[in-house]
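**Q** need a structure here:
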Amino acid sequence: MEQENQAAEAATAENAAWQRVQLARHPKRPHSLDYIQRLFTDFLELHGDRAFGDDAAIVAGLGFFEGRPVTIVGQQKGRDTRQKLLRNFGMPKPEGYRKALRLMQLAAKFRRPIVTFLDTPGAYPGIDAEERGQAEAIAVNLREMARLGVPIIAIVIGEGGSGGALALGVGNRVYMLENAIYSVISPESCAAIIWRDAGKAELAAAALRLTSEDLIQLGIVDSAIPEPGEGAHTDHDAAAELLRQTLRSALAELSRLSPQQLIEDRYEKFRRMGNFFSEGGA
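**A** Prediction:
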């Protein structure tokens, strides 16, 4: 009987995690530009990395949040076929990450808070991206974001996939929408590696602990932002208003800290992540 109960609980966990994956990928789920339109005024998009070109998979620019100047960087998937191709299905290339870093460094220079929206299945793995230094671009973003003396607020709004998402995720505060996911790898890829069967993605989703509840418990995410109705896709305006409340509170809290305190706060936050073990000596 006990074994049957455990099996039932495991099946329920697998189903719940997989449902979150489906909601995070919902075709009508609001993307970065949907939130930017509703949350910020006078948004001015800037383009290019000043080295190679522009990457439409990352939208970045300047705007105002309730009268306060901020810098916004978001990953954009696109909705119809033409937009998906233009945005490369939300998979940034090196020039996208370098564009993001250029704007974040500009924000630090003028003491503007940074807001990032994470929504990507992962960084683009194509040969051309590797030739232009994809891994190096991500690594430099991680290092430089840790050093910026301005508030950084990262929000996972949909699919937070691997280093492609983390490259914009080194924040003083990291939030997730209720039905978003954040993981080192997609469930399908994980299943293909572990079980040699991508069809076991539902099982992998539960094992990856990629939901907001799991990640709050693990100390990766600060809190979850509730979504309206059955998910953010049902009401974009309501979803944006719920996000606005969290963003307002976080900016008010972080604005009290000095540049050095912000850097130290971010450093300590990420140092606390992970599991550590020590062996006892004989």
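
**Q** how about the helices in the stretch 101-250 of the chain?
**A** Along the stretch 101-250 of the chain, counting by DSSP state H, counting those that start in this stretch, helices occupy 127-131, 134-147, 162-166, 187-194, 201-208, 212-217, 236-254.

**Q** ok, for residue 260, nearest residue in space, not its chain neighbours?
**A** Distances taken as CB to CB, 6 or more residues apart in numbering place residue 149 nearest to residue 260, at 6.8 Å, with adjacent residues excluded. Just so you know, the C-beta spots here come from the backbone N, C-alpha and C atoms, and that holds for glycine as well.

**Q** The one you found and residue 248: what is the separation?
**A** Applying CB to CB, to the nearest Å, the value for residue 149 to residue 248 is 22 Å.

**Q** Tell me who's in contact with residue 147.
**A** Residues in contact with residue 147 (CB atoms under 8 Å, 6 or more residues apart in numbering) are residue 263.

**Q** confidence score at it?
**A** You'll see residue 147 listed with a pLDDT of 96.

**Q** wait, isn't the residue nearest to residue 260 in contact with residue 263?
**A** Yes. Between residue 149 and residue 263 there is a contact under CB atoms under 8 Å: 5.7 Å.

**Q** Tell me the spacing between residue 132 and residue 98.
**A** From residue 132 to residue 98 the distance is 9 Å (CB to CB).

**Q** Which of the two has more residues huddled nearby?
**A** Neighbours were tallied for residue 132 and for residue 98 using other CB atoms under 10 Å; the higher tally belongs to residue 98 (24 against 18).

**Q** burial of the nearest residue to that one once chain neighbours are set aside, as a residue count?
**A** Excluding its sequence neighbours, the residue lying closest to residue 98 (CB to CB, 6+ apart) is residue 49, at 3.7 Å. By the criterion of other CB under 10 Å, residue 49 has 22 neighbours.

**Q** Quick check: the gap between the residue most central in space within the chain and residue 80.
**A** Centroid check for the chain by CA atoms, centre = their mean gives residue 118 as the closest residue, at 2.8 Å. Using CB to CB, we find residue 118 at a distance of 22 Å from residue 80.

**Q** do the same with residue 191
**A** For residue 191, the distance to residue 80 - CB to CB - is 29 Å.

**Q** Which of these two has more residues huddled nearby?
**A** Neighbour count, other CB under 10 Å: between residue 191 and residue 80, residue 191 has more, with 22 against 9.

**Q** From what I see, that one and residue 197 are in contact.
**A** Yes. Contact criterion CB under 8 Å: residue 191 and residue 197 qualify, at 5.9 Å.

**Q** Just the pLDDT for the residue nearest to the centre of the chain.
**A** For residue 118, pLDDT reads 98.

**Q** go on, the one 4 residues further on?
**A** pLDDT, the model's per-residue confidence, is 93 for residue 122.

**Q** could you turn stretch 100-111 into CSV, dropping everything but the C-alphas?
**A** Output in CSV follows, covering the C-alpha atoms of stretch 100-111 (Å, rounded to 0.1, in the frame of the first residue of the first chain):
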residue,chain,number,x,y,z
ALA,A,100,22.6,43.4,-23.7
LEU,A,101,25.9,43.9,-21.9
ARG,A,102,26.5,47.2,-23.8
LEU,A,103,23.2,48.5,-22.5
MET,A,104,23.7,47.2,-19.0
GLN,A,105,27.1,48.9,-18.8
LEU,A,106,25.5,52.1,-20.1
ALA,A,107,22.9,51.7,-17.3
ALA,A,108,25.6,51.4,-14.7
LYS,A,109,27.3,54.5,-16.0
PHE,A,110,24.2,56.6,-15.5
ARG,A,111,22.9,54.8,-12.4
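
**Q** I would like the residues contacting that stretch, please.
**A** Contacts for stretch 100-111 (CB under 8 Å, 6+ apart): 46, 49-50, 58, 60-62, 69-71, 73, 112-114, 116, 137, 140-141, 144-145, 148-150, 152, 167-168.
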